[in-house]
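# Pasted the sequence and its predicted model underneath.
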Amino acid sequence: MMRARVSAVLVAGMVLSACGDSDVKEVKQWMAEVKQQTKVAVPPLVEPKNFIPFAYGGKDALDPFSPNKLLVELAKTQSKANGPDTGRRKEALESFPLDSIRMVGAMEKGGVMFALLQIDKAVYRVQSGQHIGQNFGLITGVTEAVVDIREIVQDAGGEWVERKATLELQESKETKK
């Protein structure tokens, strides 16, 4: 048994002697050579940009949470209220676009001037104050040659604006002969 112990101690000694400093010296020498040959290249730092302060010009602008903002919106709503009367009953000629209506004549009866308007094959008699067209048109004047119309339309901003339109007397094919 003693022999087994002595053999185990000898084997352990041989194993430990194999872990000696033999390769470590070579590695340390190689690392020292690499350190001497390597040159460190650090690029220079870029100069910082100059800070230019910004002058905020919005402090005099309308605060989005102020009561004044509400007043502006209420004013816009009231201007929309100046739009057409959508509660009134539509007249017969309001279902036709103006470009499909032709003025074919005029007549006077009892001191009131009437225009004769043709839509498809039907002829209608109209006078000032009647509504016409699909854009809330109101006939403002009738003469022998022209019907003046005031339309109320919405612009791109949603505001109601007035625009003028006219229907001029169209010569028929029979009168040209």
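Received, thanks.

# Quick check: A115 vs E94, distance?
Distance of A115 to E94, given as C-beta to C-beta, to the nearest Å: 16 Å. For the C-beta atoms, the positions are set from N, CA and C on the backbone; glycine is no exception.

# Those two: which is more packed in?
A115 (26 against 15; other C-beta atoms under 10 Å).

# what helix or strand is that one on?
A115 is part of strand 112-119, with elements assigned from DSSP states H and E.

# hey, C-alpha coordinates of whatever helix or strand comes next after that strand in CSV?
Using DSSP H and E, the helix or strand that follows strand 112-119 towards the C-terminus is strand 122-126. What follows is strand 122-126, C-alpha atoms only, in CSV (Å, rounded to 0.1, in the frame of the first residue of the first chain):
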residue,chain,number,x,y,z
ALA,A,122,-89.6,72.0,-69.5
VAL,A,123,-89.9,75.8,-69.3
TYR,A,124,-90.2,77.5,-65.9
ARG,A,125,-91.1,81.2,-65.1
VAL,A,126,-89.0,82.8,-62.4
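
# one step back: tilt between the strand holding A115 and strand 122-126?
150 degrees (axes from the mean of the first three to the mean of the last three C-alpha atoms, to 10 degrees).

# Direction included, what does strand 112-119 pair up with?
strand 101-109 (antiparallel), strand 122-126 (antiparallel) (DSSP bridges).
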